[in-house]
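*Asks:* pasted the sequence and its predicted model underneath.
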Amino acid sequence: MTETPAARNYSEQQAGSLTTGSHILLPDGERTAEIRQVELESDDFGAPALVLASLSGGGTLRIAVGTAVTVVDTAFDGVTQLPLPATPLEVAGPAGETGPATETGAAKEAGPAPETGSLEEARLEQPGETAAAAPAAPAVVVPPLPPAPPAATGPGEEELALIPAPNGTPESVVEAAAEAHPDAEGVLLLADRLAKGVNVKSGSCLKDLSDLAHELFVTLKDADSSLAVADLLNVLPYDGNPGRWASVEASLALSSYICRQNGQEERAEVYEKLIRTPENQETDPFKARMAAKVRQRSLNEPNLYDKEIFRSIDNSNHDAEREWRLLRLESLLFLRAHGGSETIGTGELERRISNELEAVRS
């Protein structure tokens, strides 16, 4: 007789933590199935929302990430893994009626269908005949899920040595950059704010440093001073604060581009490893896969501010156009530091970055 769900060892877990090989109780509460593959769908905000569990017997379950699912211990699970959906086995009853098989005695009882992954005709026991044991289900070879992407490895000490130490205090580095461009109003305004003291725990201070590095390179074409200011940010560790890290991230992307333009490939690679620092933080395989999927989507579909730029051009608002182009340039530099994406290659990125630099410098 088929074992009931209550007789098995089972536990409950959220659908978001299901993995290949898990045996789960199906929605009908009577059968179990082995998960062959797990796919995750995100909502419009990029958060995991839906689990698509492909079953080894065929069919796919759609489960919300937070739904509690019963997971059966396979050592105690004697229930056939059936395709989903499946029709209950029917046998002839009295007066030619048909219906689900019931336990009404050895002479009338229908034995369980052979557990071979497909429904075969049930063999009815004759009076006095002993029911034969059902054959064991054959072993199913289930291909494993693709492993979580390996966490990005940060640069070693020898690689970090390629980033030169600042020449003096952070304030003196900023002052030297301002003295090199006494007529640059944008540089002087930022330098005046930073002259009061560089506080690396202040998000506004980090933003001013990043803006100064971009102003020196983008507007004034001073790559050396830009790198000197940017390196004040580039060596800061990731502290888990997205707001502060955004300024460091922009500085690292700019530094990578400048070094590649100057032929400093090894130094550029150090900056590119540092920009992937947040990817080292997640240790849970499921969350790491989700984060990698969301990250790849953001790389494939970057915001390049096309509508805003075209609107500014239509309105002949050159100042607004330049500001939007600067934001587009930051997005392109970020993509370039990641080696491009599945939709935009490095060659195309180089061309677009050159176009934006020419546009904002004119």
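*Replies:* Structure's in. What do you need? Because the structure is a prediction, the values reported are computed rather than measured. Numbering: from 1, shown residues only.

*Asks:* going forward, measure contacts between C-alpha atoms and count neighbours the same way
*Replies:* Will do.

*Asks:* which stretch of helix or strand covers residue 226?
*Replies:* Secondary structure from DSSP states H and E places residue 226 in helix 223-234.

*Asks:* same check, this time on residue 291
*Replies:* Judged by DSSP H and E, residue 291 forms part of helix 285-300.

*Asks:* swap in residue 63?
*Replies:* Per DSSP H and E: strand 60-64 holds residue 63.

*Asks:* ok, and what's touching that strand?
*Replies:* 15-16, 49-55, 84 (CA atoms under 8 Å, 6 or more residues apart in numbering).

*Asks:* paired strands for it, with orientation please.
*Replies:* If you go by DSSP bridges, strand 60-64 pairs up with strand 48-55 (antiparallel).

*Asks:* got a list of contacts for the partner strand?
*Replies:* Here strand 48-55 has contacts from 15-16, 33-43, 60-65, 83-84, 290, using CA under 8 Å, 6+ apart.

*Asks:* just the buried residues from those, in ChimeraX please.
*Replies:* To isolate the buried ones among the contacts of strand 48-55 in ChimeraX, judged by 16 or more other CA atoms under 10 Å, type:
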select :15,16,33,34,35,36,37,38,40,41,60,61,63,64,65,83,84,290
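
*Asks:* pLDDT weak spots in the stretch 101-250 of the chain?
*Replies:* Applying pLDDT under 70 to the stretch 101-250 of the chain flags residues 101-153.

*Asks:* counting by contacts, list what the longest strand seen in the chain packs against.
*Replies:* For the chain, the strand that runs over the most residues, judged by DSSP state E, is strand 32-42. When contacts are defined as 3 or more CA pairs under 8 Å, 6 or more residues apart in numbering; DSSP states H and E, strand 32-42 sits against strand 23-25, strand 48-55.

*Asks:* ranking the contacts of strand 60-64 by neighbours, who comes first?
*Replies:* Within those, neighbour counts (other CA atoms under 10 Å) peak at residue 55, which reaches 25 neighbours.

*Asks:* partners of it in the sheet?
*Replies:* Applying DSSP bridges, one finds that residue 55 bridges with residue 35.

*Asks:* measure it to residue 61 for me?
*Replies:* 8 Å (CA to CA, to the nearest Å).

*Asks:* same question, residue 297
*Replies:* For residue 297, the distance to residue 61 - CA to CA - is 24 Å.

*Asks:* redo the helices and strands packed on strand 32-42 as CSV? Include distance to residue 198.
*Replies:* Below are these laid out as CSV (distance: least, CA to CA, whole Å):
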stretch, distance to residue 198
strand 23-25, 56
strand 48-55, 39
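
*Asks:* now mean pLDDT and distance to residue 250 too, for those strands, in JSON lines please.
*Replies:* Output for those, formatted as JSON lines (pLDDT from 0 to 100; distance: least, CA to CA, whole Å):
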{"stretch": "strand 23-25", "mean pLDDT": "82", "distance to residue 250": "45"}
{"stretch": "strand 48-55", "mean pLDDT": "81", "distance to residue 250": "27"}
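
*Asks:* residue 183: which of those is closest?
*Replies:* Shortest distance between residue 183 and these, using CA to CA, is found for strand 48-55: 51.0 Å.

*Asks:* could you check the angle that closest one makes with helix 285-300?
*Replies:* Comparing the axes of strand 48-55 and helix 285-300 via axes from the mean of the first three to the mean of the last three CA atoms, to 10 degrees yields an angle of 120 degrees.

*Asks:* and the helices in the protein, which stretches?
*Replies:* In the chain, the segments counted as helices under DSSP state H are 157-160, 170-179, 185-194, 203-214, 223-234, 242-261, 265-275, 285-300, 306-314, 318-337, 346-361.

*Asks:* so which other helices or strands are in contact with the second one?
*Replies:* It refers to helix 170-179. Counting by 3+ CA pairs under 8 Å, 6+ apart, helix 170-179 packs on helix 185-194, helix 223-234.

*Asks:* return the most buried member of the ones you listed.
*Replies:* Stretch with highest mean neighbour count among the helices and strands packed on helix 170-179: helix 223-234 (a mean of 23; mean count of other CA atoms under 10 Å).

*Asks:* distance of the residue nearest to residue 248 when sequence neighbours are not counted relative to residue 335?
*Replies:* Spatial nearest neighbour of residue 248, excluding adjacent residues (CA to CA, 6 or more residues apart in numbering): residue 233 at 5.5 Å. When distance is defined by CA to CA, residue 233 is 19 Å away from residue 335.

*Asks:* repeat for residue 181
*Replies:* 30 Å.

*Asks:* please say which of those two ends up with more neighbours.
*Replies:* Neighbour comparison, residue 181 and residue 335: the larger count goes to residue 335, with 21 against 15 (by other CA under 10 Å).

*Asks:* the more buried one against residue 301, yeah?
*Replies:* No - counting by CA atoms under 8 Å, residue 335 sits too far from residue 301 to count as a contact (10.5 Å).

*Asks:* show me the contact partners of stretch 318-329.
*Replies:* 303-305, 308-309, 312-313, 353, 356-357, 359-360.

*Asks:* distance to residue 326 and neighbour count added to those, as a markdown table?
*Replies:* What follows is these, written out as a markdown table (distance: CA to CA, whole Å; neighbours: other CA atoms under 10 Å):
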| residue | distance to residue 326 | neighbour count |
| --- | --- | --- |
| 303 | 12 | 12 |
| 304 | 10 | 16 |
| 305 | 10 | 15 |
| 308 | 12 | 15 |
| 309 | 10 | 20 |
| 312 | 13 | 17 |
| 313 | 15 | 15 |
| 353 | 10 | 19 |
| 356 | 8 | 19 |
| 357 | 9 | 17 |
| 359 | 10 | 13 |
| 360 | 7 | 18 |
